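Asker: just to be clear, the model below is a prediction. Sequence and coordinates:
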Amino acid sequence: MPLPIVLKPNKKFELIRLGAKNDGGYLVEINSLKSADYLISLGVSTEWSFEKEFIQHNKLKFKAYDGSINKDFWKNWKKRSIKKLFRFSFKDFFQYLKIKKAFSFFFNDENFELSFIGNKNGQKRLKDILNEVNCKNLFLKIDIEGSEYDILEDILSFEKLIIGLVIEFHSCIKNLDKIINFLNKISLKLVHIHANNYDFVNKEGIPDTIELTFSKNPKIIGIKNTYPHPLDRPNKHNKPEIFIQFNES
């Protein structure tokens, strides 16, 4: 069976694409972008083009959280790339230098924290982050590789502060009930869905990774839309997009 109808936005909204041409780029609703006064990004790794373009469109403060980009991450990448130099493979080494320099230029102690987000030991709770933020119109971007399910209740508890939300759901096939439950509870409007083609689609037509966008006060520009959206791009550039179908009955 196709995806449940609750996962289909019921109108066509004014969207804009922010971030990378492929993986790392997301569609956001225009009103939530313009109205946001703070951006919190959970999970950046080595791709922060979304954050960069967001704050260029809307001059605001932001903070990113990611526990994986530590000293060992850079050390191991450097070690691997140096080994490749001896095989006359220079691409990875130059990529390492480029990304590390760009990371140090964009992030600092004020806008980046080396922390994993979730509810397990050693992870930072989203509710603690949101309690520290003094703003009324928060935009939240979440790509934390499965830990998103641990923080759904925190999102619901603080949704009055949230003007817009982009969240990537992983392992959707086994967690579909959790996603549907979240959609039934949240008051934010679902404005976009996109399937991540890095992962598979099961025989029932359900993608294992999906990206959802929400907005508090979305601008409606039409009745129907198609998925993928004209602004969507495949996450993996050399694989075709996934065409989403919904259970309309």
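Answerer: Cool, got the structure.
Asker: from now on I want contacts and neighbour counts done on CA atoms only, so please keep to that.
Answerer: OK.
Asker: quick one, domains of the protein?
Answerer: Structural domains annotated on the chain: 3-68+114-247, 70-111, as defined by automatic domain parsing.
Asker: please identify the deepest-packed of these.
Answerer: Ranked by mean neighbour count, the domains of the chain are led by domain 3-68+114-247 with a mean of 18 (mean count of other C-alpha atoms under 10 Å).
Asker: returning to that earlier point: just send the domains of the chain back as CSV, with mean pLDDT too.
Answerer: Listed next are the domains of the chain as CSV, based on pLDDT from 0 to 100:
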stretch, mean pLDDT
domain 3-68+114-247, 95
domain 70-111, 93
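Asker: list phi and psi for residue 51.
Answerer: Phi and psi for residue 51, reported as degrees, to the nearest 10, are phi -60, psi -40.
Asker: that one touches residue 42, doesn't it?
Answerer: No. With contact defined as C-alpha atoms under 8 Å, residue 51 does not count as touching residue 42 (10.6 Å).
Asker: just list whatever residues bridge to the nearest residue to residue 112 once chain neighbours are set aside.
Answerer: Excluding the flanking residues, the one nearest residue 112 by C-alpha to C-alpha, 6 or more residues apart in numbering is residue 64, at 4.8 Å. Counting by DSSP bridges, residue 64 is bridged to residue 41, residue 112.
Asker: what of residue 117?
Answerer: Beta-bridge partners, per DSSP bridges, of residue 117: residue 124.
Asker: before we move on, the earlier item: pretty sure the residue nearest to residue 112 contacts residue 42?
Answerer: Yes. Under the criterion of C-alpha under 8 Å, residue 64 is in contact with residue 42, at a separation of 5.8 Å.
Asker: show me what the one helix or strand residue 53 maps to is packed up against.
Answerer: Using DSSP states H and E, residue 53 falls within helix 49-57. Here helix 49-57 touches strand 15-18, helix 30-35, going by 3 or more C-alpha pairs under 8 Å, 6 or more residues apart in numbering; DSSP states H and E.
Asker: quick one: contacts of the first one?
Answerer: For strand 15-18, the surrounding residues in contact (C-alpha atoms under 8 Å, 6 or more residues apart in numbering) are 25, 26, 27, 28, 29, 30, 49, 50, 53, 54, 231, 232.
Asker: so the fourth one, which state does it fall into?
Answerer: Just to be clear, that refers to residue 28. strand (DSSP: H, G, I helix; E, B strand; the rest coil).
Asker: dump the residue contacts of it.
Answerer: Per C-alpha under 8 Å, 6+ apart, neighbours of residue 28: 15, 16, 17, 18, 164, 166, 192, 213, 214.
Asker: ends of stretch 60-71, what's the gap?
Answerer: Using C-alpha to C-alpha, to the nearest Å, one end of stretch 60-71 lies 28 Å from the other.
Asker: ok, stretch 101-111 next?
Answerer: End-to-end distance of stretch 101-111 (C-alpha to C-alpha): 16 Å.
Asker: ok, residues contacting stretch 160-172?
Answerer: Under the criterion C-alpha under 8 Å, 6+ apart, residues 26, 28-29, 32-33, 35-36, 135-146, 148, 179, 188, 206-217 lie in contact with stretch 160-172.
Asker: the residue nearest to residue 231 when sequence neighbours are not counted and residue 30: what is the separation?
Answerer: Take residue 231 and drop its neighbours on the chain: the residue closest to it by C-alpha to C-alpha, 6+ apart is residue 17, 6.5 Å away. Per C-alpha to C-alpha, residue 17 is found 10 Å from residue 30.
Asker: do the same with residue 78
Answerer: 39 Å.
Asker: ok, the helix or strand containing residue 191: who's next to it in the sheet?
Answerer: Per DSSP H and E, residue 191 falls inside strand 189-195. Here strand 189-195 has these sheet partners by DSSP bridges: strand 210-215 (antiparallel).
Asker: show me what contacts residue 19?
Answerer: Residue 19 neighbours (C-alpha under 8 Å, 6+ apart): 25, 26, 48, 49, 50, 51, 52, 53, 54.
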